[in-house]
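Student: Any chance you can model this:
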Amino acid sequence: MATYDFIFDRLGLRNWCGGSEAGSGGADGPMSMADLLGQAEGADVEVSAWDTPFPSLDALNDACPAIPQSRDLTTGLERGFLDIKDGLKVVFDPLTQPLSWALNESLWLMQAVPWWIMIPVLMLLTWVVGRSLKLVGLVALVFGFLAFVDYYDYTMQTLAIIFVCAIICVLLGVPIGIAMSRNDRVQKVMIPVLDMLQTLPPFVYLIPLIFLFSVTEPKLYGIAIILYAIVPVVRLTDLGIRLVDPDVIEAADAFGMTNRQKLFGVQIPLALPNIMAGVNQTIMMSLAMVVIASLVSAPGLGVLVLRGIRSLELGVGLLSGLGIVLLAIILDRVTKAALARINAAQPR
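Tutor: Numbering: from 1, shown residues only. So this is what the prediction gives:
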């Protein structure tokens with residue numbers, strides 16, 4: 001006898017449930033443990049109040065086979081997604097193809113340029129951004145070390161992916177953040193979406209994308225990285241513009257500035273420190289997701305981490321993990337140096 005038989009008996013739903021088959025999981029369905037024990041002992045097993053199961057789909061299905069089980073729900077979701085997969089692919093394939101091109105070209109460029117050109121270029125970019133000889137020296141030391149242990153190509157691949165994905169996150173995220181700051185309705189719509197993107201486990205991003213795109217296509221891991229990393233730049237752009245002093249906005253209105261002039265001449269410059277903080281976090285989250293995306297053919301240092309896990313190569317895993325840490329330190333220091341320069345240039 002199933003725990004919740006009495007519900008369907010009192011509601012007069014026994015015939016709808018399947019008559020005499022109810023309470024035993026149906027004629028062909030699997031029997032519950034209580035029913036099996038009851039048959040073995042020749043009597044129904046009483047379930048104590050302490051052990052009463054929650055009225056979940058599976059528990060109700062034991063009493064009424066007409067109610068679907070939880071596995072029927074998950075199977076239905078899967079079939080529904082597969083039914084619309086082809087339509088989604090027709091829409092998203094052409095829209096996301098430029099991302100594949102950008103990732104392929106970036107990966108080719110970062111590996112085609114010889115190290116004796118690439119490392120000085122990265123040092124020069126660091127100097128332009130941070131104006132710090134210590135930071136330039138750190139960049140030279142880190143890339144020199146990674147090249148010395150033959151991880152240079154993997155490092156360049158990781159850097160290329162982060163470069164493309166971070167730029168796309170900024171190009172998409174800043175306008176979305178601006179729209180949120182200027183319209184409360186847009187903000188109310190976007191906040192639940194951002195909350196969902198921020199709280200979903202990283203691996204979950206890969207599940208639907210694997211069904212939509214081939215594992216050999218760079219846009220598979222590119223989209224996952226962008227969705228995972230775009231949230232900070234959107235939130236902090238919105239926050240930064242909303243935190244602009246109302247007195248400054250009032251002064252801009254007094255000077256007769258248009259909304260466009262106020263946005264680009266007043267609000268964005270004053271919100272730039274917050275926006276740069278969002279860019280910093282976006283880059284860090286991109287780096288974290290690049291490692292996870294190695295599960296779906298993303299190249300870079302994450303491949304070595306995955307190799308260390310699969311083959312139990314402790315040295316490879318630790319050294320590649322150290323390389324990721326060093327790369328994260330460089331990217332963090334460079335973006336923070338840019339943020340410090342922006343803060344120093346802000347009017348007091």
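
Student: what residue ranges in the protein are flagged as low confidence?
Tutor: By pLDDT under 70, the low-scoring segments of the chain are 1, 19-47, 346-348.

Student: Show me which helix runs longest in it.
Tutor: In the chain, with assignment by DSSP state H, the single longest helix is helix 70-112.

Student: which helices and strands sit right next to that one?
Tutor: Packing partners of helix 70-112 (3 or more C-beta pairs under 8 Å, 6 or more residues apart in numbering; DSSP states H and E): helix 57-63, helix 152-182, helix 202-212, helix 218-229. No exception for glycine: its C-beta is placed from N, CA and C like everyone else's.

Student: Out of these, flag the one nearest Ala2.
Tutor: Comparison of the helices and strands packed on helix 70-112 against Ala2 by C-beta to C-beta identifies helix 57-63 as nearest, at 3.8 Å.

Student: Tell me the gap between that closest one and the middle of its chain.
Tutor: 35 Å (C-alpha atoms, centre = their mean, to the nearest Å).

Student: circling back: of the helices and strands packed on helix 70-112, which approaches Thr74 most closely?
Tutor: Nearest to Thr74, of all these, is helix 57-63, at 10.4 Å by C-beta to C-beta.

Student: quick revisit: angle of the helix or strand just after the longest helix of the chain against helix 70-112?
Tutor: The helix or strand immediately downstream of helix 70-112 is helix 115-130, counting by DSSP states H and E. Going by axes from the mean of the first three to the mean of the last three C-alpha atoms, to 10 degrees, helix 115-130 is angled at 110 degrees with respect to helix 70-112.

Student: residues making contact with helix 115-130?
Tutor: Helix 115-130 is contacted from outside by 110, 113, 132-133, 135-136, 139-140, 143-144, 147, 152, 156, 333-334, 337-338, 341, using C-beta atoms under 8 Å, 6 or more residues apart in numbering.

Student: Show me what counts as buried in it.
Tutor: Buried residues in helix 115-130, counted by 16 or more other C-beta atoms under 10 Å: 118-119, 122-123, 126, 130.

Student: Need the buried ones from the contacts of helix 115-130 selected in ChimeraX.
Tutor: Those of those that count as buried under 16+ other C-beta under 10 Å are selected in ChimeraX with:
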select :110,132,135,136,139,143,147,152,156,333,334,337,338
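
Student: So which of the contacts of helix 115-130 sit within strands?
Tutor: Among the contacts of helix 115-130, no residue falls in strands (DSSP state E).

Student: Figure out how far the longest helix of the chain is from the centre of its chain.
Tutor: Chain-centre distance of helix 70-112: 14 Å, with C-alpha atoms, centre = their mean.

Student: and the residue nearest the centre of the chain, what does it touch?
Tutor: Nearest to the geometric centre of the chain sits Tyr228, at 2.3 Å (C-alpha atoms, centre = their mean). Tyr228 makes contact with 197, 202, 205, 285-286, 288-289, according to C-beta under 8 Å, 6+ apart.

Student: Next: Val113.
Tutor: Taking C-beta under 8 Å, 6+ apart, we find Val113 in contact with Val121.

Student: okay, the buried residues of helix 115-130 in CSV with distance to Arg182 next?
Tutor: Shown next, in CSV, are the buried residues of helix 115-130 (distance: C-beta to C-beta, whole Å):
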residue, distance to Arg182
Met118, 41
Ile119, 43
Leu122, 37
Met123, 40
Thr126, 35
Gly130, 32
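
Student: Pick out the most distant pair among those residues.
Tutor: Pairwise distances across the buried residues of helix 115-130 (C-beta to C-beta) peak at 18.3 Å, for the pair Met118 and Gly130.

Student: Next, the residues that contact stretch 203-214 from outside, please.
Tutor: With C-beta under 8 Å, 6+ apart, stretch 203-214 has contacts from 81-82, 85, 88-89, 92-93, 96, 219-221, 223-224, 227-228, 289, 292-293, 295-296.

Student: could you flag which of those residues are buried?
Tutor: Among those, those scoring as buried are 96, 219-221, 223-224, 227-228, 289, 292-293, 295-296 (criterion: 16+ other C-beta under 10 Å).

Student: would you list those in CSV and tack on distance to Ala2?
Tutor: Formatted as CSV, these follow (distance: C-beta to C-beta, whole Å):
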residue, distance to Ala2
Thr96, 49
Lys219, 49
Leu220, 45
Tyr221, 47
Ile223, 45
Ala224, 43
Leu227, 43
Tyr228, 43
Met289, 45
Ile292, 42
Ala293, 46
Leu295, 41
Val296, 43
